[in-house]
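Visitor: I need the structure of the sequence given here:
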Amino acid sequence: MRRVVSLLIWFALLEGFWALLVGTQQDTELAAGLIAAAVGAVFAETLRSLGLLPYTTHFATLAKIWKAPFFIVFDFLLVTWTLVAALARGRRVRGTWKRIPFPTEPGPVGNWQRAFGTVLGNNYANTIITDFERDEALAHVLAPDAVTAKSVV
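Guide: Numbering: from 1, shown residues only. Coordinates of the predicted model:
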């Protein structure tokens, strides 16, 4: 029963993601999405059943997702302003590498926290998370003093 539920959840998430990315409601695109979602769901369930997808959701970290829309808009405006100002001055914009504290738990929960932190943190235009070491994230940031350069999620 767990396998069927997992397959259905993966299938629904992947089909929704496909529809979001293609941005259309045409029958041919959605049919292609159904095929891709079915293949992806079987692949994800196979990995999970073999123990190669060791993730356990950490709901306290997930609860921080409410900040994402605000940070995405803030970073878009920040990066736009930074690039327009650099263009007006005729200077090249250079970012910097920064270590951002991001404590995670060991095991599957920590795997999920790092994956979630990477996905969410890379949605912000100012920050590109490249690696995690111990309890830190290594990120390349354009404006190191911005609020989004001080926290992963």
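Visitor: test my guess that A137 contacts D131.
Guide: Yes - A137 is within contact range of D131, at 7.3 Å (criterion: CB atoms under 8 Å). To be clear about C-beta, it is placed using only N, CA and C from the backbone, and glycine gets the same treatment.
Visitor: the more surrounded of these two?
Guide: A137 (23 against 11; other CB atoms under 10 Å).
Visitor: any idea how far the more buried one is from A63?
Guide: According to CB to CB, to the nearest Å, A137 and A63 sit 19 Å apart.
Visitor: same check, this time on P54
Guide: For P54, the distance to A63 equals 22 Å [CB to CB].
Visitor: nearest spatial neighbour of L138, skipping sequence neighbours?
Guide: D131 (4.3 Å; CB to CB, 6 or more residues apart in numbering).
Visitor: which SSE is immediately downstream of the helix or strand harbouring the one you found?
Guide: If you go by DSSP states H and E, D131 is part of strand 127-133. Going down the chain from strand 127-133, the next helix or strand is strand 136-141, by DSSP H and E.
Visitor: and the angle for that following strand with strand 127-133?
Guide: Strand 136-141 runs at 150 degrees relative to strand 127-133, counting by axes from the mean of the first three to the mean of the last three CA atoms, to 10 degrees.
Visitor: can you list the weak-confidence ranges in the chain?
Guide: Along the chain, no part satisfies pLDDT under 70.
Visitor: so the spatially most central residue of it is in which element?
Guide: With distances taken as CA atoms, centre = their mean, the residue of the chain nearest its centroid is V119 (1.3 Å). Of the helices and strands defined by DSSP H and E, V119 is found in helix 107-121.
Visitor: and that helix, what other elements does it pack with?
Guide: helix 59-62, strand 127-133, strand 136-141 (3 or more CB pairs under 8 Å, 6 or more residues apart in numbering; DSSP states H and E).
Visitor: who's in contact with the first one?
Guide: The list of residues contacting helix 59-62 from outside it, by CB atoms under 8 Å, 6 or more residues apart in numbering, reads W112, Q113, F116, G117, V153.
Visitor: L34 contacts E15, doesn't it?
Guide: Yes - using CB under 8 Å, L34 is in contact with E15, at 6.3 Å.
Visitor: quick one, which of the two is more surrounded?
Guide: E15 (19 against 14).
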